[in-house]
Structure formats: C-alpha cells, structure tokens
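1. Here is a sequence together with a model predicted from it:
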Amino acid sequence: MNKAVWVGKIIVWVVVIFFIALGIVLGTMYLWNWLVPELFSGPVINFWQTLGLLVLAKVFFGFGGRCRGHQTHGRGPWKYYWKEKWGSMTPEDREKFKQKMKEKWCYRGESGPGAESGTSNG
C-alpha cells in the first residue's frame, strides 16, 4: 500500500475515535442532567465537567476490561497451578480436599453463627 492510503486510514480512525468519545461524553452529560437533578437534587453539569468526571472515573476505576497483552491478568498463575494440581489428584484426594475446604470455609451449623464459641449477639 502506498503512503496516501495509510494516511487516509489514520485520519479516518482519528475522526471515528473523536466522534465516539464525543458521543460518550455527550451521552453521559445528557443522562446525568436528565436523572441526577430530579432524583437527587444534584447539579446540572456542562460538557467539560462531564469530561472531567469521566477522566476521574478512569483514574479511580480503570476501563474495567482485561489487559489484552496478558492472558492471565486478573487470574494470576494460580489458576494454572490449581488446574494442574487438581488434574494430578486421585479421586480420594479430591474428596479429601473438598471436605477440608467445606470444613474450613463452608460450615453452616444448625444452631446458627457463633454457636461453636458459646457467644451470643443478643
């Protein structure tokens, strides 16, 4: 491909991304101004305040998606460790492991919480 085609594609993508960002900001602004003042007696905000709120939300919460460069992002190496460990266990070992986890994390006594220690919340 020649250089003019690449430049044209880049310009088209920049324009598309600009209009998508503009749509997100305007949509957020109109949604805010439609709901927040009536429901919570909050302020009406303008375009720049909306953009600032979206940037602030990005700083605090991120985009919310997975990082495409790292397939284990959010799961860590533990998923593969336990998958391999579970696959190498015998059925008896698996049952023992399940029982141990139930005793440690999932116990529900019939007499309610705190019954083992003899304490009462009432």
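-> Great, that's in hand.
2. rest of the way, CA atoms for contacts and neighbours
-> Noted.
3. residue ranges for the helices of this structure, please.
-> Along the chain, the stretches classed as helices by DSSP state H are 3-40, 47-61, 78-88, 91-105.
4. what would the ones you listed look like in CSV with mean neighbour count?
-> CSV is the format used below for the helices of the chain (neighbours: other CA atoms under 10 Å):
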stretch, mean neighbour count
helix 3-40, 13
helix 47-61, 13
helix 78-88, 11
helix 91-105, 12
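5. Could you list the low-pLDDT ranges of the protein?
-> Where the chain drops to pLDDT under 70, the residues are 1, 63-76, 106-122.
6. okay, now the domains of it?
-> As assigned by automatic domain parsing, the chain contains the domains 3-61, 73-106.
7. and the first one, how far out from the chain's middle?
-> It refers to domain 3-61. Relative to the mean C-alpha coordinate of its chain, domain 3-61 is positioned 20 Å out (CA atoms, centre = their mean, to the nearest Å).
8. quick one, what contacts residue 10?
-> Listed by CA atoms under 8 Å, 6 or more residues apart in numbering, residue 10 has no contact partners.
9. what's the distance between it and residue 16?
-> 10 Å (CA to CA, to the nearest Å).
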